[in-house]
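Q: Okay, structure incoming, though there's no sequence with it:
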C-alpha cells in the first residue's frame, strides 16, 4: 500500500474497488505517485482528474497551468500570444 509522509498525508484517498468490497488507496486529483511511492503534486503544465488512472496528463501544446497540483483540464491556459 502507498506510504505517506506528514506533509503529504492529505494527498491520498480511499476508494471502493469495482472488483470487490475492499478499498484501494489512490492519490487524490492533482497528485500522482512519485518514484518514492508517495503522492506528489502534478507538475506545472499537467493535471489529473479524481479517479483517473495514476499519472498526470500534459496540458495541450501551447498551454500551461498557473501552479502545480491542477485537478482539471480547465486549469490549462493558453500561453501568452496564443488563444
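A: Ah, there it is. The structure presented is a predicted model; accordingly, all values stated were derived computationally and were not measured.
Q: Now for residue 76: which residues touch it?
A: Contact analysis of residue 76 by C-beta atoms under 8 Å, 6 or more residues apart in numbering lists 45, 47, 59-60, 63-65, 70. In this view, the C-beta of every residue, glycine as well, is placed from N, C-alpha and C.
Q: now with 7 Å?
A: Applying C-beta atoms under 7 Å, 6 or more residues apart in numbering to residue 76 gives the contacts 47, 59-60, 63-65.
Q: Out of these, flag the one nearest to residue 28.
A: Residue 28 has its nearest neighbour among the contacts of residue 76 in residue 47, at 12.4 Å by C-beta to C-beta.
Q: Which residue comes closest to the closest one once chain neighbours are left out?
A: residue 70 (3.9 Å; C-beta to C-beta, 6 or more residues apart in numbering).
Q: The one you found reaches residue 30, doesn't it?
A: Yes. Between residue 70 and residue 30 there is a contact under C-beta atoms under 7 Å: 5.8 Å.
Q: anything in contact with each of these two?
A: Overlap of the contact sets of residue 70 and residue 30 (by C-beta under 7 Å, 6+ apart) consists of 42, 47.
Q: Great, nothing more from me.
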